[in-house]
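[1] Sequence first, predicted coordinates after that:
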Amino acid sequence: MSTSKLATSAILQQQEEVRRTLPFTDRQDFADAERGLVAPIDGPVLGDNGTVLWDNATYSFLGGDAPDTVNPSLWRQSSLVARQGLYEVVEGIYQVRGLDLSNVTFVEGDTGVIVIDPLISKETASAALALYREHRGDRPVTGVIYTHSHVDHFGGVKRVTTQEDVDAGRVQVLAPVVRGRKGTYKKELAAFRERGFVRVRIDGVDHDLGEEIALARSATHEIDLVVDRVAARESARARIAESIETALAMADGLVKVESDDARWLFSQANACIDCGTSFPEIAPRSFSFNSPHGACPGEGPSQPAIASISRCSRLQL
């Protein structure tokens, strides 16, 4: 068994020189390390058989002064990086620190959260995600980023997402049945329910059509009927096409398609979806400055002008 030894005089002299030359009285780094703390980590991370896999409390000895055998600057740095818990970095960006060799970062978006560097193991990644959700809500994971290929930056990915979710690329097909109009729409909502639809989005909030929905008559509303939720894979091509056809029929030629990180609004009509300004059928000549159909008003066919197919600002090319 090895035994500890006292620091030699040379080491003592070296450590004293470090203490003398570096600004150890400046405690700003410690204040910075605690800034944004939302919640500490409560207890160790256990494996399925109860084995302790990670316990940041084992570093609690770093709270005291550095012993003579340790460089005081290294000791100070170690005590700083041993801080643990959920931290708010800036609005919308959070980190869990002290659950592994690296930090895991959560970037909040409109539809969920992106996880950056999901730690070294599934157990620590799961504990980090649980701590985040406990204080920030059960947001779905819509993306994962590895900053580099060391295992402590990707080893826990299977506990923040699944292979099935990655392969699925889930999307929603919606029919925008009401766009900026006033009313209670009781009859319409009842009709949707009778036709077998289950969910509807009203003013950005999802509702079950089986619940009582009361809308203010004098307020304008946006109502999207949820036609389908489906995995965007080749085997679902026919189902997606059928759902889009249904949405187009329900919403007078409009359909919304949404994934976890993107949204699209499509129209069958050659017109602006907002003001109704129409335009002719799009053809190659619409973009050719050598054609009267593609030249800007007042320009001859030889002028290198890009066509403006409508006076509506949303349709300018």
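    Perfect, thanks for sending it. Keep in mind it's a predicted model, so treat the numbers as computed, not measured.
[2] any idea how far the nearest residue to Gly253 once chain neighbours are set aside is from Val173?
    Leaving aside its chain neighbours, Gly253 sits nearest to Gln268 (3.8 Å; criterion: Cβ to Cβ, 6 or more residues apart in numbering). For the C-beta atoms, the positions are set from N, CA and C on the backbone; glycine is no exception. Gln268 sits 15 Å away from Val173, taking Cβ to Cβ, to the nearest Å as the criterion.
[3] For the two, indicate the residue with more neighbours.
    Val173 (23 against 11; other Cβ atoms under 10 Å).
[4] and that one, that one's in a strand?
    Yes. Counting by DSSP: H, G, I helix; E, B strand; the rest coil, Val173 is found in a strand.
[5] Assess the claim that it and Leu254 are in contact.
    No. Applying Cβ atoms under 8 Å as the test, Val173 and Leu254 come out as separate, 11.6 Å apart.
[6] list residues touching both of the two?
    Ala247 (Cβ atoms under 8 Å, 6 or more residues apart in numbering).
[7] Dihedrals phi and psi, the nearest residue to Gly63 once chain neighbours are set aside?
    For Gly63, the nearest residue in space outside its immediate sequence neighbours is Ser79; the separation is 6.6 Å by Cβ to Cβ, 6+ apart. Main-chain dihedrals, Ser79, degrees, to the nearest 10: phi -70, psi -30.
[8] now the one 4 residues further on
    Taking degrees, to the nearest 10, you get phi -60, psi 140 for the backbone angles of Arg83.
[9] Need the pLDDT of the nearest residue to it once chain neighbours are set aside.
    Nearest non-adjacent residue to Arg83, counting by Cβ to Cβ, 6+ apart: Ala33, 4.9 Å away. The pLDDT attached to Ala33 in the predicted structure is 92.
[10] you'd agree Ala33 is up against Ala82?
    No. Look at Ala33 against Ala82 with Cβ under 8 Å: they stay out of range, at 9.4 Å.
[11] For the stretch 151-300 of the chain, which segments count as strands?
    All strands of the stretch 151-300 of the chain, identified by DSSP state E, counting those that start in this stretch, fall at 170-182, 199-202, 205-208, 220-231, 254-259, 263-267.
[12] ok, what's across the strand from the nearest residue to Phe106 once chain neighbours are set aside?
    Nearest non-adjacent residue to Phe106, counting by Cβ to Cβ, 6+ apart: Tyr94, 4.6 Å away. Tyr94 forms beta bridges with Glu88, Phe106, as assigned by DSSP bridges.
[13] Residue ranges in the stretch 51-200 of the chain under the pLDDT threshold?
    Filtered on pLDDT under 70, the stretch 51-200 of the chain yields the residue ranges 166-170.
[14] Quick one: the helices in it, in order.
    According to DSSP state H, counting those that start in this stretch, the stretch 51-200 of the chain carries its helices in the segments 72-81, 122-136, 163-168, 186-194.
[15] Would you mark the buried spots in the longest one?
    In terms of neighbour count (16 or more other Cβ atoms under 10 Å), helix 122-136 has its buried residues at Lys122, Glu123, Thr124, Ala125, Ser126, Ala127, Ala128, Leu129, Leu131, Tyr132, Arg136.
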